[in-house]
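Novice: prediction below, plus the sequence it came from.
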Amino acid sequence: MASHPDMSTHTIPTDTSVVVLEATKAFELLQPTEKEYALALSLASWEGAKICLLQTSPEAAAIFSLLQLVFSAQPVAVLVSAAKAKGLTDIEAEQALMFAAAFYGNVGNYKSFGDTKFVPALAPERFKLLLTAGAADEAKVAALWSECVARMYSLPPRQRQLGLGSESGISTYFSANCGEADANHAGRFMESLGLSPYNTRLFKNGSGGYTILIASEIDGEGADEVGQLVRKHSFEGSSFTIRRGDYSALMGRSVAALRSALAHAANEEQKAMLNCYIESFRLGSINAHKAGSRYWIKDKGPAVESYIGFIESYRDPSGARGEWEGFVACVNRETSRKFQALVDAAEELLTLMPWPTAFEKDEFLRPDFTSLEVLAFGSSGVPAGINIPNYDDIRQNEGFKNVSLGNVLAASYGAGEKPVTFIRSDDQELFKKLKGEAFEVQVGIHELLGHGSGKMYHAGTDDAAKLAAETLHPLTNAKISGPWYSPGATWDTTFGKIASSYEECRAECAGIYLCLEQAVLSVFGSSPEAKEGDGTTTDIAYINWLLMVRAGLTGLEFYTPATKGWRQAHMRARYVILRVLLEAGHGLVQLERTTGSDGKPDVEISLDRSLISSKGKEAIGNFLLKLQVHKSLGDFDAGSAMFESYSEVPDEMLKLRQIVMDRKEPRKLLVQPHVFRDDQGDVAMRTFEASAAGMIESFVARFPAEDDQLLELYHQDLPLVAD
């Protein structure tokens, strides 16, 4: 018998904070041609973002179509007033608007951070009352409501979270009849062809054969490298048919917008980059996208920064396929100078890492590291920092870029008035005062020195042979014999579903390990005088460690006991770090169960500041060494065994999880501005209020009321992806 869903997990509280992503000043400083460039790239990003709906759930595109149709017909206030006149209560109106705002903010009905499904908090007939109270076409509203209402509200066990297979969850990267074995089978096939899974989906037919869909504007065979693979193949006793043209209409719109950006490119690198992206999205070529990424990393310090494509693999349960992401941002030059100083010191700082030099890149390829003010981020979620491209060979041999999204940090990490959960009263004031600054330090180290560090070894290469001949295994002191990455294999394809959380853990460890170095903190303006305890831990470093410990505890929200699965890569990573610090002993970290001021069970974190620079640094350094060695050698067996062990949630932690769940706070929703062409023909930017209505109005401004091509794609997918 299925357990009853916890509705606090599957609904969005009406008191959820809604904040505005402020970028007005940065936008106004742009020149007219730069604004034109930003407009074209914003359009490319957001048109492609509709792909996220089709990558999230079977019903998401239909729900989006319903909401757009209804809210485009009149202002939100007018619709709510009409619904209240028909009997809708104030709280029901708030519940309906918050569901719509959360749906838009996550570009789908599964939380982008945590991957759990959320449903309207009001009854279906009451939600329908709002949706039918306005000026939208009654017949069309009725048809879309009928199309999506059942799955909008349904919460059987499989539909409560994203996952692969009937026991784990739903994923529209796969047909509903696929499981982990199918994903692994297809992965081996694609690796044998040298075909990247980043822009693909996998559908299994009734006879046991497979279809691999490649996202592209065009379909069918062709003389290009992807077109030559568009046919039927046999592999390990199975039939694989490769097709392209997935999301064709949406890919075509993004291509058209990228073409319009060409006339406003600032330099030849940007033009070459755009042409490569156009080729990639037209043909479905990841190699063309990699070529575009090479031009992108050469485009240093542009006034308008952007990146676009199938980028992050967090939401693919098998850890290999990329979610659509496109962003456009202005460079904050003042803050960027701070990050560039970190780049200047990076080569020296990397020598402080706890692994031998043989496990570090032969040469540190100085990246661009900028602080950006986001104008548009077309995806299911907006991160605080990014290290891209995600192509291992480019990052290791040619370079990468780091970005810190300054207005996201400001909106997401501002101090609130309420006490911070699980933080001792003695730490509250300092925690609130410094959490924003501390997180900026963490993001900087995490992206540049975390994701930007370390070397990977492939079988059959001179590098691997040299390592085996000259270096002993740092963990065993024995001769190194591999296992190495196989030719053509990547980090994601080798470490699979744990790749994202493992790598985030490595970068997070780097952040707390190196933030203890005054050379790092000086870059961010931290004074060496601000120390207590044994005189070695600054306020910023202490709060950064406390942030990490608290994040590890609150990360339990993203663990599902029924499936013993983790739903969010970063939070799993932080929980693992918490387990490492608890294991260090000596009272470094203690989680004390208490009774809160409300009389309910509570937890209080005790972090011994005097032990951070000794016991804490030693524990994290040893763990970081293990993470890096297993990654460098492609040692999935050893690396996964270690990581899975620390990811386990024993009974005592399950008890703490219940307290975390009872005291959890909803994640903020970010209302983005809208870049558009005004009635005078000028490029302008519109901002919206920090409210559920403001979020809704931003999407009404961004997209038309109806999109027949999106619904056509929805209907094509539905028979295959619906469980």
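Specialist: Sure thing, it's come through. None of these values were measured; they are calculated from a predicted model. Residues are numbered from 1 along each chain as shown.
Novice: for the record, mean pLDDT for stretch 257-275?
Specialist: The average pLDDT within stretch 257-275 is 98.
Novice: hang on, isn't Gly187 packed against Ser318?
Specialist: Yes - shown here, Gly187 and Ser318 form a contact pair, counting by Cβ atoms under 8 Å, at 7.2 Å. (Each C-beta comes from the backbone N, C-alpha and C, glycine too.)
Novice: find residues that contact each of those two.
Specialist: Taking Cβ atoms under 8 Å, 6 or more residues apart in numbering as the criterion, Gly187 and Ser318 both touch Gly496.
Novice: between those two, who's got more neighbours?
Specialist: More crowded of Gly187 and Ser318, by other Cβ atoms under 10 Å: Ser318, with 24 against 20.
Novice: helix or strand for the nearest residue to Gln590 once chain neighbours are set aside, which one?
Specialist: Nearest residue to Gln590 in three dimensions, chain neighbours excluded: Ser606, at 4.3 Å (Cβ to Cβ, 6 or more residues apart in numbering). Element membership of Ser606, judged by DSSP states H and E, is strand 601-607.
Novice: tell me the helix or strand right after that strand.
Specialist: The helix or strand immediately downstream of strand 601-607 is helix 617-632, counting by DSSP H and E.
Novice: ok, Ile12 touching Ala121?
Specialist: Yes - between Ile12 and Ala121 there is a contact under Cβ under 8 Å: 7.0 Å.
Novice: correct me, but Phe524 touches Ile540?
Specialist: Yes - the criterion here is Cβ under 8 Å, and Phe524 meets it with Ile540 at 7.3 Å.
Novice: what's the neighbour count on Gly309?
Specialist: 24.
Novice: how about it, secondary structure?
Specialist: When classified by DSSP: H, G, I helix; E, B strand; the rest coil, Gly309 comes out as strand.
Novice: so in terms of bridging, what pairs with it?
Specialist: Judged by DSSP bridges, the bridge partners of Gly309 are Glu325.
Novice: and it, what does it touch?
Specialist: So Gly309 contacts Tyr198, Asn199, Tyr277, Ser280, Phe281, His289, Gly322, Trp324, Glu325, Gly326 (Cβ under 8 Å, 6+ apart).
Novice: helices - which of those land there?
Specialist: Tyr277, Ser280, Phe281, His289 (DSSP state H).
Novice: of those residues, buried ones?
Specialist: Neighbour-count burial (16 or more other Cβ atoms under 10 Å) applied to the ones in helices among the contacts of Gly309 gives Tyr277, Ser280, Phe281, His289.
Novice: just checking, the second one touches His289?
Specialist: Yes - contact between Ser280 and His289 holds when scored by Cβ under 8 Å: they sit 3.9 Å apart.
Novice: okay, Phe524 and Ile540: which has more neighbours?
Specialist: Between Phe524 and Ile540, counted using other Cβ under 10 Å, Ile540 has the larger neighbour count: 23 against 18.
Novice: got the phi and psi for that one?
Specialist: Here is the backbone geometry of Ile540 (degrees, to the nearest 10): phi -60, psi -50.
Novice: now the element after the worst-scoring helix or strand of the chain on mean pLDDT, going C-ward?
Specialist: Lowest mean confidence among the helices and strands of the chain (mean pLDDT, DSSP states H and E): strand 531-532, at a mean of 50. Using DSSP H and E, the helix or strand that directly follows strand 531-532 along the chain is strand 537-538.
Novice: give me the mean pLDDT for that following strand.
Specialist: The pLDDT scores in strand 537-538 average 84.
Novice: now do the contacts for Arg667.
Specialist: Applying Cβ under 8 Å, 6+ apart to Arg667 gives the contacts Thr16, Lys111, Phe113, Gly114.
Novice: going by distance to Leu155, which of those wins?
Specialist: Lys111 (13.8 Å; Cβ to Cβ).
Novice: which residue is the nearest non-sequential neighbour of that closest one?
Specialist: Phe118 (6.2 Å).
Novice: any idea how far the one you found is from Gln672?
Specialist: 20 Å (Cβ to Cβ, to the nearest Å).
Novice: just give the nearest non-adjacent residue to Thr14, would you?
Specialist: Per Cβ to Cβ, 6+ apart, closest to Thr14 is Glu94, 4.3 Å.
Novice: ok, residues contacting the host helix or strand of that neighbour?
Specialist: Using DSSP H and E, Glu94 sits within helix 90-106. For helix 90-106, the surrounding residues in contact (Cβ under 8 Å, 6+ apart) are 11-14, 16, 18, 63-64, 67, 71, 76, 80, 83-84, 88, 109, 111-112, 118-122, 126-127, 129-130, 380-381, 669-671, 691-693, 695-696, 698-699.
Novice: I'm done for today, thanks for sticking with me.
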